[in-house]
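**Student:** sequence and predicted structure below; questions after.
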Amino acid sequence: MKKFLFILSLLLFTSALYAQNIKLPTPNKSGGKPLMTVLNERKSSRDFSEKSLPNQQLSNLLWAAWGYNRADKRTAPSSQNKQEMDIYVALASGCYLYDARKNELVLVVKQDLREKTGKQDFVKNAPVNIIFVADKRKMAQQDEQSMLQTAYINTGFISQNIYLYCASEGLATVIRAWVDKAALALAMKLHDQQEIIVCQTVGYPK
């Protein structure tokens with residue numbers, strides 16, 4: 001009986017542990033406004049509602065940003081297909097790593113880190129703050145400056161995908177560089193080969 005209760009408690013603990021991750025619904029890859037329309041409507045906004053994005057919209061957004069649209073290629077290009085960029089998502093429930101293969105948000109820190117993703121007042125209440133992180137271990141061997149230049153270029157491609165998706169869906173977004181990167185990296189428990197590039201806020205317009 002004791003052995004049964006131990007196994008049961010272990011299963012419940014394991015289930016609770018993995019339940020902290022967020023399994024996203026299959027992204028909807030059809031529909032949306034015409035390209036020329038969203039280019040015309042693309043803009044930065046700093047006024048956000050506190051309303052949360054539903055998981056379906058979050059799934060669509062992240063796939064548009066940096067999902068797989070072919071077996072080993074993504075919706076945005078990367079130099080030599082190294083795919084060194086990781087997308088972290090700061091929500092009220094915690095900070096997550098976007099696993100594009102599994103279409104899942106993997107819990108990294110069970111803490112609301114939104115306020116740490118920027119020095120602007122709106123970031124702490126906006127529902128989604130995306131953190132672009134370059135993993136230098138995945139990059140072609142280059143000097144530090146070249147690696148960072150590559151990471152910034154590749155981040156720009158991903159960020160523009162987010163802008164276009166938001167324009168298509170009537171969402172507000174803005175990319176931001178005013179971030180205490182050292183403090184945020186510490187809070188996210190990043191290792192020394194991970195470099196925060198910039199952050200981007202997404203939500204419903206206020």
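**Tutor:** Yep, that arrived.
**Student:** only C-alpha atoms from now on, for both contacts and neighbour counts.
**Tutor:** Will do.
**Student:** what's the biggest helix in this protein, counting residues?
**Tutor:** helix 144-169 (DSSP state H).
**Student:** I'd like to know which elements whichever helix or strand comes after it is packed against.
**Tutor:** Per DSSP states H and E, helix 144-169 leads on to strand 172-176 as the next helix or strand towards the C-terminus. Packing contacts for strand 172-176, counted by 3 or more Cα pairs under 8 Å, 6 or more residues apart in numbering; DSSP states H and E, involve helix 144-169, strand 194-203.
**Student:** let's go with 6 Å and repeat that
**Tutor:** Applying 3 or more Cα pairs under 6 Å, 6 or more residues apart in numbering; DSSP states H and E, one finds that strand 172-176 contacts strand 194-203.
**Student:** who's in contact with the strand it packs on?
**Tutor:** 48, 127-135, 171-177 (Cα atoms under 6 Å, 6 or more residues apart in numbering).
**Student:** now the buried members of these.
**Tutor:** Those of the contacts of strand 194-203 that meet the buried threshold are 48, 127-135, 171-176, by 16 or more other Cα atoms under 10 Å.
**Student:** max pairwise distance over those residues: which two?
**Tutor:** Across those, the longest distance by Cα to Cα is 29.9 Å; it joins 48 and 135.
**Student:** ok so, going back, averaged pLDDT, the longest helix of the chain. What do you get?
**Tutor:** In this model, helix 144-169 has an average pLDDT of 96.
**Student:** and residue 112, helix, strand or coil?
**Tutor:** Residue 112 falls in the coil class when you classify it by DSSP: H, G, I helix; E, B strand; the rest coil.
**Student:** mind listing what it touches?
**Tutor:** Residue 112 touches 92, 93, 94, counting by Cα under 6 Å, 6+ apart.
**Student:** return the subset of those residues lying in strands.
**Tutor:** residue 94 (DSSP state E).
**Student:** filter the contacts of residue 112 down to the buried ones, ChimeraX style.
**Tutor:** Buried members of these, defined by 16+ other Cα under 10 Å, are picked up in ChimeraX with:
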select :92,94
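**Student:** of the contacts of residue 112, closest to residue 74?
**Tutor:** Using Cα to Cα, residue 94 is the member of the contacts of residue 112 that lies nearest residue 74, at 25.5 Å.
**Student:** per-residue pLDDT, that closest one?
**Tutor:** Looking at residue 94, its pLDDT is 98.
**Student:** what about it, distance to residue 151?
**Tutor:** Residue 94 is 25 Å from residue 151, where distance means Cα to Cα, to the nearest Å.
**Student:** ok, residue 171 next?
**Tutor:** 26 Å.
**Student:** any regions of this protein where pLDDT drops low?
**Tutor:** Judged by pLDDT under 70, the chain has its weakly predicted residues at 1-19.
**Student:** hang on, residue 133 packs against residue 86?
**Tutor:** Yes: in this structure, residue 133 is within contact of residue 86 by Cα atoms under 6 Å, at 5.1 Å.
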